[in-house]
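A.B. asks: please find the sequence and the predicted model below.
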Amino acid sequence: MTKIFTVLFFILGLSIFSQNRIKILDSENQKPIPYAKLILKDKSYYKNTEENGESILEKDEELSEIQSFGYEKLKVEKFQQTYLLKPQFNEIEAIEITKPKFQKSFSVGSIKKSSMGFSALNISWMVVDLFKNEIPDEKVYIKKIKIPTQVHNTIKEATFNLIFYENINGKPSLEKTKNIVVSCKSGKHLTEIDLSKNPIPFPKDGLFIGFEWILNEQNTYSYITTVNHLDGTKEKNVLKHGTAPSFKAYESVNSNVMANSNLDWYNIFNKKTRKTVYSISMQLELTN
């Protein structure tokens, strides 16, 4: 019995020492930063911290940069167990303060569904679509956003980043203009984000809006599938891992859907090379 316990302790010891637990904190108040983005050196994926600001790095994972909306980016030069991010303060020359009148309602986008959708498996990415402002002579605001979502079996309810970018000549701006962490529950296929208390101005050039997956233990689910190989053979009951939630798309005439996998923005659907193109299934409810 003693020998068995010794072997188990040795195996557990190897597992523990092959991982590094880190924590990301706010440099001013020392509070944990949930869902901070961990860019990994020479990897095609990133990771995110959990709700408590912690994450585990495997032995072959090396931190390159840490990002979180509202904080300065941190280049990692050496391994530490705790990293501090500095809040980012932007100088604004002039501020125009206006309030919505809530007299009229408009809608942009659609929540149609099809078999086409977006999910995150082995490669990390962000997906956005251009929502155009075609409302004449009105200053409008986004008061609610509806997004069809699907949540698989996860530890808790799934979370994702709802991301906003300026429209710069038909491409997303270099930096996000807004980031909202959204929770969505299993079994509920429509997630609604109520912004009526803090409506978001909807500029004349429109906005690129979409989602960025939060890759952590909270959002990870496992499933069994069959893998079909090119040589015609099949591999049954293969365990795969995914990240919740998944999102829907619908067939459209033109597509402005763009993706980014930590390099640059690129078009997913090209009308010249594809017979069918899609738009993100999402609807904005606007007010004047």
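C.D. replies: Right, received. Where do you want to start?
A.B. asks: quick one: Q218 is in a helix?
C.D. replies: Yes. Assessed by DSSP: H, G, I helix; E, B strand; the rest coil, Q218 belongs to a helix.
A.B. asks: surely it touches E51?
C.D. replies: Yes. With contact defined as CB atoms under 8 Å, Q218 reaches E51; the gap is 6.7 Å. Where C-beta positions appear, they are placed from N, C-alpha and C, glycine not excepted.
A.B. asks: give me the low-pLDDT residue ranges for the stretch 51-200 of the chain?
C.D. replies: Residues of the stretch 51-200 of the chain that meet the criterion pLDDT under 70 lie in 90-99, 122-124, 154-155.
A.B. asks: can you do 80?
C.D. replies: 90-103, 113, 121-124, 137-138, 152-156, 187 (pLDDT under 80).
A.B. asks: would you map the strands across it?
C.D. replies: For the stretch 51-200 of the chain, the strands defined by DSSP state E, counting those that start in this stretch occupy 54-58, 63-67, 74-75, 82-85, 105-110, 117-120, 126-131, 140-150, 158-168, 171-172, 178-184, 190-194, 200-202.
A.B. asks: got CSV for those strands, with mean neighbour count too?
C.D. replies: Output for these, formatted as CSV (neighbours: other CB atoms under 10 Å):
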stretch, mean neighbour count
strand 54-58, 16
strand 63-67, 18
strand 74-75, 14
strand 82-85, 17
strand 105-110, 16
strand 117-120, 18
strand 126-131, 22
strand 140-150, 21
strand 158-168, 20
strand 171-172, 20
strand 178-184, 15
strand 190-194, 15
strand 200-202, 18
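A.B. asks: nearest to F247, out of these?
C.D. replies: strand 117-120 (4.6 Å; CB to CB).
A.B. asks: and the contacts of that closest one?
C.D. replies: V127, Q150, F211, W213, L215, G242, T243, S246, F247, K248, A249, I280 (CB atoms under 8 Å, 6 or more residues apart in numbering).
A.B. asks: who does that strand pair up with?
C.D. replies: With DSSP bridges as the test, strand 117-120 is paired with strand 234-252 (antiparallel).
A.B. asks: one step back: which of the contacts of strand 117-120 lies closest to F106?
C.D. replies: Of the contacts of strand 117-120, the one sitting nearest to F106 (CB to CB) turns out to be I280, at 18.5 Å.
A.B. asks: so what's the nearest residue to the closest one once chain neighbours are set aside up against?
C.D. replies: Leaving aside its sequence neighbours, I280 sits nearest to D129 (CB to CB, 6 or more residues apart in numbering; 4.0 Å). Applying CB under 8 Å, 6+ apart to D129 gives the contacts G109, F208, I209, G210, N256, V257, M258, S279, I280, M282.
A.B. asks: chain neighbours aside, what residue packs nearest to N52?
C.D. replies: P32 (5.3 Å).
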